[in-house]
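Participant: predicted coordinates and the sequence they were generated for:
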Amino acid sequence: MKSLDYGALPLSDYSRSYIIRMLPSIDYYMDIYGCCLRRALGAAAKVPADVTLVDYGGGHGFLSMAAKRSGVGKVIYVDVNPQAAEAVKAVSATVGEGPDVVLTGDSADLRRWCEENAVRPDVVLGMDVIEHIYRLEDFFADLYAVNPDMPMLFTTGSTPYNPWIKRRLHRVMKEDESVFCSQRCDFIRAQFPTMSFPEAVFWSQHTRGLVYDDVLKAVKTTLPHFLKDRYNTCDPATGSWTERILPISDYRRRLSPYGTRLVVRKGFYNTHRSGIKGIVSRLLNVLLFLPLTHWLAPFIVLECRSRTSFFDFVGQKVQ
């Protein structure tokens, strides 16, 4: 991956810059992928060659390639961004290894494809994607319709525990919301030309976290939309949340209809850094083995299991 000439590959500017930005930390990402793959394959309770794995929100596709290198029998890559999907095909063709199936779409498209092709995936992995999904209720419903016993693992940097990360992400959310609120206001004024400007501002402020269709429904039914968190916001055009931070209880509530057990584990720091940063990362990773240090973790792993297994008792659980 490090030695590829990405400038020579048929990639969009977005995909090329995305991959080049992550390359300096590729060893760290591969550590994360390796850790999650080991846990996912253990949860699947099959030999890797018999496992069908979904790389949901696969982005650059490096996880899919790592899964194939690990011996996973079938890898299904899914991402809503068509540019990312094309990039995965180009890089996979160059290295000679990649996902077996590349789907452009969301969970509904994955569900439809699995039903049409009589495919029953064994496990789902999602790296830094769950914090962007607009409606988690629909997302989980689609996945569990494909396989009600399917274990799922999601990493997210939007941890509700780490105060420094929360502070940084809140700044990003505030910046995005200033843009999104203006966009919602313009949309509302275009849909309701007789509405006064102050009223349009009111509705734009009270439809934070909604896509345009839902904004329209809220205004028509005069039911303001209130989010518990005063920072979370999403792009009204796409529904992509800005690094949404949810309490763990919210994830559990959305998973409860499926009898799913949620285990939260601590992430770890990048030990491939040189100098003082590498020393500090190693020290922090040692501290993360201690109990009650979840507030130090740079990310968390959400493990969704339908049944308790041996793997639920291995590793650094938060709760």
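Facilitator: Structure's in. What do you need?

Participant: quick check: L290 is in a strand.
Facilitator: No - applying DSSP: H, G, I helix; E, B strand; the rest coil, one finds L290 to be coil, outside a strand.

Participant: tell me where the stretch 51-200 of the chain has helices.
Facilitator: Ranges of helices in the stretch 51-200 of the chain, per DSSP state H, counting those that start in this stretch, are 62-69, 82-95, 107-117, 136-146, 163-191, 197-205.

Participant: may I see the buried residues of the next helix or strand after the last one?
Facilitator: Going down the chain from helix 197-205, the next helix or strand is helix 212-220, by DSSP states H and E. Applying a neighbour-count criterion of 16 or more other CB atoms under 10 Å, one finds Y212, D214, V215, L216, A218, V219 buried in helix 212-220. The way it works is simple: take the backbone N, C-alpha and C, and place the C-beta from them, glycine included.

Participant: tell me the angle helix 212-220 makes with helix 197-205.
Facilitator: 130 degrees (axes from the mean of the first three to the mean of the last three CA atoms, to 10 degrees).

Participant: in the stretch 51-200 of the chain, where is pLDDT below threshold?
Facilitator: Filtered on pLDDT under 70, the stretch 51-200 of the chain yields no residues whatsoever.

Participant: what residue lies at the spatial centre of the protein?
Facilitator: V129 (1.1 Å; CA atoms, centre = their mean).

Participant: any idea how far G59 is from it?
Facilitator: Distance, V129 to G59, using CB to CB, to the nearest Å: 8 Å.

Participant: what's the answer for M195, then?
Facilitator: According to CB to CB, M195 stands 40 Å off from G59.

Participant: these two: which is more packed in?
Facilitator: Using other CB atoms under 10 Å, the more surrounded residue of M195 and G59 is G59, with 22 against 15.

Participant: give me every residue that touches that one.
Facilitator: G59 is in contact with Y18, D79, N81, A84, M127, V129, counting by CB atoms under 8 Å, 6 or more residues apart in numbering.

Participant: filter these down to just the ones in strands.
Facilitator: Judged by DSSP state E, those include D79, M127 as members of strands.

Participant: for ChimeraX, what selects the buried ones among the contacts of G59?
Facilitator: In ChimeraX syntax, the buried subset of the contacts of G59 is picked out as below (16+ other CB under 10 Å):
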select :18,79,81,84,127,129
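
Participant: closest to M152 among the contacts of G59?
Facilitator: Lowest distance from M152 to the contacts of G59 (CB to CB) belongs to V129, with 11.2 Å.

Participant: touching, that closest one and D55? I think so.
Facilitator: No - using CB atoms under 8 Å, V129 makes no contact with D55, being 9.7 Å away.

Participant: straight-line length of stretch 268-278, end to end?
Facilitator: 12 Å (CA to CA, to the nearest Å).

Participant: with stretch 8-15 instead?
Facilitator: Taking CA to CA, stretch 8-15 runs 13 Å from one end to the other.

Participant: just the buried residues of that stretch, please?
Facilitator: Applying a neighbour-count criterion of 16+ other CB under 10 Å, one finds L11, S15 buried in stretch 8-15.

Participant: quick one, phi psi at K266?
Facilitator: Dihedral pair for K266: phi -80, psi 140, per degrees, to the nearest 10.
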